[in-house]
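Asks: Structure for this input, please:
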Amino acid sequence: MLRATGLAILLLLAIASSASAHAVLLSSTPAWEAVVGAAPRAVTLRYDEDVVPRYARVTVVAPGGKDVAGSPQVTGSAVTVPVRTDRAGSYTVRWRMVASDDGHVTDGAFSFGLRAKPLPPAPVSGVGVPAAPEVLAWLQFLGVVLAGGALTFRALVLAPAARALGDRSDREAGTAIGVAAVGAAVALHAGLFGFLIGAYPIVGGGIVNVVNTQIIPIRVGTHLGQAFTLTTFAWLGVLALLVGAWVTPRRREPLLACAGVTSLGIAFGISWASHAASRGTVALIADYVHLVAGALWAGGLVAIVILVGVARPLSRSDREALVLASLLRFSRLAVMMVATLGIAGVYLAVRELPAVSALLTSRYGVTLLLKTFVFAGALALGGFHRRIAVPRIAAGAPAATIRRTLAVETSLLLGAFALAAILSQTAPPR
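Replies: Presented below is the predicted three-dimensional model:
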C-alpha cells in the first residue's frame with residue numbers, strides 16, 4: 001500500500017506539472033496563421049474563462065515593428081482590441097491576461113497575415129531563460145535509456161534467462177521500476193521545460209510566468225510542438241504502467257515490457273523534433289533507429305549492472321549461472337545493436353556533412369568526431385566483455401569482476417548520448 005501511494009504521488013506530480021495553464025486562448029479573429037484580404041479593424045481573443053479587464057495587455061506589432069493596437073475592451077472571457085492595419089505583411093499579436101477565477105497570469109503570441117503569409121512570432125529582445133538546452137536534451141535521452149532500453153532489455157534478455165534456469169522470482173523488478181520511474185519523470189519534465197524555454201523568448205514577460213507560456217503556432221504547427229505534445233502524454237502513460245506494475249505483481253512482467261516498448265516509441269518524438277526530420281523520411285527513420293539501438297545497448301548495460309548487484313544474496317552457483325546466461329544473451333543482441341547503430345550513424349553523418357573536411361572545420365563536425373571516439377571506446381569495452389570477460393565467467397571467475405568494466409562502458413555510452421544532445425542543438429554545416 002505504501003509503495004502504491006508513493007508512486008501515485010509521483011504520477012500526480014508529473015500530471016500536475018504538465019497541466020494546462022489558466023485563461024487558455026481558445027480562438028481568435030483573425031485566427032492564428034490566417035491570411036486576410038482586408039485590413040481588420042479589431043483583433044478579438046476568446047479565452048476559456050473570464051479575465052481581469054484592468055490587467056489585460058495586448059500588442060499587435062506591424063511589419064515595421066510598430067504597435068498598432070488600441071486599448072483592450074474586455075467582456076467576460078472575450079477581449080477585443082482595435083487596430084490600425086493598412087500595410088500588407090505579417091502581424092504579431094502578443095497578449096498577457098490575468099484569470100478572474102484564480103489570478104494566474106498567462107502569456108501568448110501568434111501571427112496573422114494581411115495579404116501575405118504570416119511569419120512565426122520573433123523573439124522578444126533581451127528575453128531568455130538560464131538553462132542549457134543541451135542538458136535538457138540529454139535528460140530526455142537518459143529517460144529513453146533508463147525506461148525504454150533497460151525495461152525492453154529486461155523483457156528480451158533477463159526474464160527469459162531467469163526462466164530458462166527455472167528462476168521465477170523478479171528480485172530486481174523493484175529496482176528496475178524505480179530506475180525507470182526516475183528516468184520517465186526526468187524526461188517528462190526535461191521535455192516540458194525544454195519546450196517552454198524555446199517558446200518563452202517569443203512571448204516575453206516576466207520570468208515567473210515561464211510555466212504559463214502559450215505559443216499556439218509552435219505547439220500545434222511545428223514538429224517541435226507536436227513532438228512535445230505527444231511525448232508528454234506518452235511519458236504519463238509510461239508512469240501509469242509503472243504504477244500498475246508496482247501494485248499488481250501478477251501482471252508485472254507484461255506491464256513492464258509494455259512500458260519499455262512505449263518508452264522506446266517516445267524516442268520517435270525526439271527524432272521528429274531533430275534536424276533529421278527536415279532531411280526526409282529515410283533520415284528521420286535512421287535517426288530514430290540510431291537512438292533506439294543506442295538506448296537498448298546502454299539500457300542493457302544498466303540492467304546487467306542492476307542484476308549483478310541484486311543477485312548477491314543468491315548462492316554463488318545460482319548467481320554466476322544467472323549472470324552468465326544474461327551476458328550470453330546480451331552478447332548475441334549486442335552485435336546487431338552495434339551494427340545498426342554504426343550503419344545508421346554513418347548514414348546520418350553523410351547526410352549532414354557537406355564534406356569530410358567539415359569534421360574539423362565546424363562545431364558540428366568536431367562534436368560528431370568526439371562522439372565517434374567515445375563510441376569507439378565503448379565498442380572496445382564491449383569487445384573485451386564478449387571475447388574475454390564472458391569466457392572467464394564461464395570458466396568459473398566471479399561475476400562481480402565484470403561490474404567495474406560494465407560501469408565504465410555504461411558511462412562511455414552516456415557520454416556519447418551527451419555529445420548527441422549537443423549535436424541535436426547544433427546547426428549542421430552548410
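Asks: All the strands of the stretch 101-250 of the chain, in order from the start?
Replies: In the stretch 101-250 of the chain, the segments counted as strands under DSSP state E, counting those that start in this stretch are 105-114, 213-214.
Asks: Now stretch 341-353: buried residues?
Replies: L341, A344, G345, Y347, L348, A349, R351, E352, L353 (16 or more other Cβ atoms under 10 Å). Quick note: C-beta positions are derived from backbone N, CA and C, even for glycine.
Asks: Quick check: mean pLDDT of that stretch?
Replies: Stretch 341-353 shows a mean pLDDT of 88.
Asks: Out of the buried residues of stretch 341-353, which sit inside helices?
Replies: Assigned to helices by DSSP state H, the following of the buried residues of stretch 341-353 qualify: L341, A344, G345, Y347, L348, A349, R351, E352.
Asks: Please tell me the pLDDT value assigned to L165.
Replies: 65.
Asks: same thing with G204?
Replies: 57.
Asks: got it, and F373?
Replies: pLDDT for F373: 93.
Asks: Beyond the helix or strand it falls within, next helix or strand please.
Replies: According to DSSP states H and E, F373 maps onto helix 363-384. The C-terminal neighbour of helix 363-384 among helices and strands, as given by DSSP H and E, is helix 390-394.
Asks: Following that following helix in sequence, what is the next regular element?
Replies: helix 403-424.
Asks: Any buried residues in that next one, and which?
Replies: For helix 403-424, by 16+ other Cβ under 10 Å, it's 406, 409-424.
Asks: avg pLDDT for that helix?
Replies: On average, helix 403-424 scores 87.
Asks: That helix packs against which elements?
Replies: helix 133-143, helix 281-310, helix 363-384 (3 or more Cβ pairs under 8 Å, 6 or more residues apart in numbering; DSSP states H and E).
Asks: out of those, which comes closest to L158?
Replies: helix 281-310 (5.9 Å; Cβ to Cβ).
Asks: Determine the set of other helices and strands touching that closest one.
Replies: By 3+ Cβ pairs under 8 Å, 6+ apart, helix 281-310 packs against helix 150-153, helix 173-203, helix 252-272, helix 316-352, helix 403-424.
Asks: most packed of these?
Replies: helix 150-153 (a mean of 29; mean count of other Cβ atoms under 10 Å).
Asks: Give me the local confidence score for the residue lying closest to V261 once chain neighbours are set aside.
Replies: Among residues not flanking V261 along the chain, T152 sits closest, at 6.0 Å (Cβ to Cβ, 6 or more residues apart in numbering). Here, the pLDDT recorded for T152 equals 93.
Asks: show me where pLDDT drops low in this protein?
Replies: 1-22, 101-105, 122-131, 164-171, 197-224, 278, 313-314, 399-400, 430 (pLDDT under 70).
Asks: Residue nearest the middle of it, spatially speaking?
Replies: Geometric centre of the chain, nearest residue: Q140, 4.0 Å, by Cα atoms, centre = their mean.
Asks: Kindly provide the distance from that one to G342.
Replies: In this view, Q140 and G342 are 23 Å apart by Cβ to Cβ, to the nearest Å.
Asks: do the same with A418
Replies: 19 Å.
Asks: can you check L139 too?
Replies: 25 Å.
Asks: One more: G377?
Replies: 14 Å.
Asks: Likewise for T410?
Replies: Counting by Cβ to Cβ, the gap from T410 to G342 is 19 Å.
Asks: Same check on T401?
Replies: For T401, the distance to G342 - Cβ to Cβ - is 28 Å.
Asks: cool, and L370?
Replies: For L370 relative to G342 (Cβ to Cβ), the value is 16 Å.
Asks: tell me the contacts of the residue nearest to V24 when sequence neighbours are not counted?
Replies: Computed as Cβ to Cβ, 6+ apart, the closest residue to V24 that is not its neighbour in sequence is D48, at 4.7 Å. By Cβ atoms under 8 Å, 6 or more residues apart in numbering, the residues touching D48 are A23, V24, L26, S77.
Asks: how does it look with 7 Å?
Replies: Residues near D48 by Cβ atoms under 7 Å, 6 or more residues apart in numbering: V24, L26, S77.
Asks: From those, pick the one nearest R363.
Replies: Using Cβ to Cβ, the contacts of D48 come closest to R363 at V24, 39.0 Å.
Asks: Hmm, the closest one is touching Y47, no?
Replies: Yes. Counting by Cβ atoms under 7 Å, Y47 is a contact partner of V24 at 6.4 Å.
Asks: okay, the two: which has more neighbours?
Replies: Applying other Cβ atoms under 10 Å to V24 and Y47 shows that Y47 carries more neighbours, namely 23 against 16.
Asks: Could I get the phi/psi values of the more buried one?
Replies: Dihedral pair for Y47: phi -110, psi 170, per degrees, to the nearest 10.
Asks: just checking, it touches A56?
Replies: No. When contacts are counted by Cβ under 7 Å, Y47 is not listed as touching A56 (10.1 Å).
Asks: who touches both of the two?
Replies: The contact lists of Y47 and A56 share M97, where a contact means Cβ under 7 Å, 6+ apart.
Asks: just to revisit the earlier point, verify the stated contact: the residue nearest to the centre of the chain with A190.
Replies: Yes. Between Q140 and A190 there is a contact under Cβ under 7 Å: 5.1 Å.
Asks: tell me the domain ranges of this structure?
Replies: 25-114, 133-424 (automatic domain parsing).
Asks: Distance to P121 added to these, as a markdown table?
Replies: Output for the domains of the chain, formatted as a markdown table (distance: least, Cβ to Cβ, whole Å):
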| stretch | distance to P121 |
| --- | --- |
| domain 25-114 | 4 |
| domain 133-424 | 5 |
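Asks: got TSV for the contacts of D48, with secondary structure and distance to S326 too?
Replies: Below are these laid out as TSV (DSSP: H, G, I helix; E, B strand; the rest coil; distance: Cβ to Cβ, whole Å):
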residue	secondary structure	distance to S326
V24	coil	49
L26	strand	53
S77	coil	59
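Asks: Could you single out the nearest of these to V247?
Replies: V24 (33.6 Å).
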